[in-house]
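In: any chance you can model this:
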Amino acid sequence: MRRRLDCAALEIVYLKRHLFILLLAVALAGPDVARAFGPANPPPGVDSFSGGPMALDLAHDRIFLCDSANNRVLVYDISAGTLGRAPLAIIGQPDAQSVAMNATGEPTPNGCGLAFPNGIAYDANRDGLWVSDFLNNRVLFFDTQVLKNFLPADFVIGQSGFGQCEMRCGSRGLAGPAGLALSADGNRLFVADSLNHRVLLFAVEKLVHLPAAVAVVGQEDFLSYEPGTSATALRAPSGVAVDGNSQLYVADTGNNRIVVFDGNAPLTDASAYAVFGQEDFNLAEAAGGAEGLRAPTNITLDEFDSWMFVTDAGNHRVVGYSGRSDDPLRAAAVLGQPDIESCEPQAAAAGLDAPVGAAYDLIEQKLWIAESGNARVGFYKLGGK
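Out: This next block holds a predicted model:
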């Protein structure tokens, strides 16, 4: 039986803008971290697994796993603390054996198939799922109140219909959408529009086809799409997260960094106020150690205990930054490597190999990780509990 969250008993204390990160109270060392990964095998009930972003639905004990290269999203029950024996449903494919692009093997999209899903966000307000359909240049919304294989999408962002996949810019276009994040109230959706080198903000209080974005981050306007390296520019962003204080965290993958924007201020052409992984906003060096990053892809927050976790895919590790540290821009913890300086791919028994997805379970204090290199899903139990 999983512990249920007593919302009335929890007091989430948001730090001021200049402390900005809300991350975990215990140190991630020695006995305070328990590791629960199996061998290099795919999740139960499927023959292969490529890894990808993930999302949790703690109210219904479910986890949604992007299996990007297999063109599907796997849904598992986690009420027993681990993945169930088989998927509850497979979004994007008719059965566990099918992995074709768009479920047909054809480049023309439809309302049920997927082509390299590479971003995901659970919508608790609607009991629905947002999925970035990377190769189809669109974001889809699925009603997950009743799950089944090959679930049809209800709404589309980035295209005028389910049969289109045009790569576009502007306020209504997308090009290789990746990471997704919803605001705390569920009314704002952030989309890492990676090939347009920007993050778009959509108002989703009401669901409509082909909505126009209301703000753009990383470009000066909706028509610009050039990559850059500065406080106002992005290069192939692939992950986003937003905290309860409306601070926007972007995994700026091509610039080997995480940048943070104040979502309480106008976001279009905004300047980031914090950078992780680089000495300043004008550098993009790929590096390791406590101060470097190499192609970070995903961000997940523990807002109660003040940690930010980043899948540092190119360094084959997950790094944690503590908002309670004297130096919050320096990694305070590393998972998947024997030490903070190591960065080689690890065998399944030893650590991580190309982690590409992460999600934090506040109730169980579990950090779920999806690996591409070891083709598996597992978790770290944090806090020694």
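
In: the closest residue to residue 217 other than its chain neighbours: helix or strand, and which one exactly?
Out: Once flanking residues are discounted, residue 217 sits nearest to residue 199: 4.1 Å by C-beta to C-beta, 6 or more residues apart in numbering. Glycine gets a C-beta too; all of them are placed from N, C-alpha and C. Residue 199 belongs to strand 198-203 when elements are defined using DSSP states H and E.

In: what does the residue nearest to residue 276 when sequence neighbours are not counted show for phi and psi?
Out: Nearest non-adjacent residue to residue 276, counting by C-beta to C-beta, 6+ apart: residue 258, 4.0 Å away. Backbone torsions of residue 258, given as degrees, to the nearest 10, read phi -110, psi 130.

In: in this structure residue 258 contacts residue 250, no?
Out: Yes. Contact criterion C-beta atoms under 8 Å: residue 258 and residue 250 qualify, at 6.8 Å.

In: overlap of the contact sets of the two?
Out: Common contacts of residue 258 and residue 250 (C-beta atoms under 8 Å, 6 or more residues apart in numbering): residue 299.

In: what stretches of the stretch 251-385 of the chain score poorly on pLDDT?
Out: 384-385 (pLDDT under 70).

In: show me where it has its helices.
Out: Counting by DSSP state H, counting those that start in this stretch, the stretch 251-385 of the chain forms no helices at all.

In: show me where it has its strands.
Out: 257-262, 274-276, 296-302, 307-312, 317-322, 333-335, 355-361, 366-371, 376-382 (DSSP state E, counting those that start in this stretch).

In: can you lay out these as JSON lines showing distance to residue 81 and mean neighbour count?
Out: Formatted as JSON lines, those follow (distance: least, C-beta to C-beta, whole Å; neighbours: other C-beta atoms under 10 Å):
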{"stretch": "strand 257-262", "distance to residue 81": "30", "mean neighbour count": "24"}
{"stretch": "strand 274-276", "distance to residue 81": "31", "mean neighbour count": "22"}
{"stretch": "strand 296-302", "distance to residue 81": "18", "mean neighbour count": "25"}
{"stretch": "strand 307-312", "distance to residue 81": "20", "mean neighbour count": "29"}
{"stretch": "strand 317-322", "distance to residue 81": "20", "mean neighbour count": "26"}
{"stretch": "strand 333-335", "distance to residue 81": "19", "mean neighbour count": "23"}
{"stretch": "strand 355-361", "distance to residue 81": "10", "mean neighbour count": "24"}
{"stretch": "strand 366-371", "distance to residue 81": "8", "mean neighbour count": "26"}
{"stretch": "strand 376-382", "distance to residue 81": "9", "mean neighbour count": "22"}
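
In: distance to residue 245 for those strands - can I get that in TSV?
Out: Converted to TSV, the strands of the stretch 251-385 of the chain look like this (distance: least, C-beta to C-beta, whole Å):
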stretch	distance to residue 245
strand 257-262	9
strand 274-276	13
strand 296-302	11
strand 307-312	13
strand 317-322	16
strand 333-335	23
strand 355-361	17
strand 366-371	21
strand 376-382	22
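
In: got a list of contacts for stretch 333-341?
Out: Contacts of stretch 333-341 (C-beta under 8 Å, 6+ apart): 27-29, 33, 288-290, 307, 315-320, 322, 331, 343-344, 346, 350-352, 355, 367, 369, 380.

In: ok now that stretch, how far from the chain's centre?
Out: 21 Å (C-alpha atoms, centre = their mean, to the nearest Å).

In: for that stretch, measure first residue to last.
Out: End-to-end distance for stretch 333-341, by C-alpha to C-alpha, to the nearest Å: 11 Å.

In: kindly report the same for stretch 219-239.
Out: OK, stretch 219-239 end separation, C-alpha to C-alpha: 17 Å.

In: same question for stretch 59-78.
Out: 11 Å.

In: please apply the same query to stretch 316-325.
Out: 24 Å.

In: try stretch 242-262
Out: End-to-end distance for stretch 242-262: 10 Å, by C-alpha to C-alpha.

In: in that stretch, what's buried?
Out: 242-243, 245-262 (16 or more other C-beta atoms under 10 Å).

In: how far out from the middle of the chain is that stretch?
Out: 12 Å.

In: what's the helix or strand for the nearest residue to residue 142 once chain neighbours are set aside?
Out: Nearest residue to residue 142, sequence neighbours excluded (C-beta to C-beta, 6+ apart): residue 129, at 4.6 Å. Assigned by DSSP H and E, residue 129 belongs to strand 128-133.

In: burial check on the closest residue to residue 334 other than its chain neighbours, number of neighbours?
Out: Distances taken as C-beta to C-beta, 6+ apart place residue 340 nearest to residue 334, at 4.8 Å, with adjacent residues excluded. Using other C-beta atoms under 10 Å, residue 340 has 19 other residues around it.
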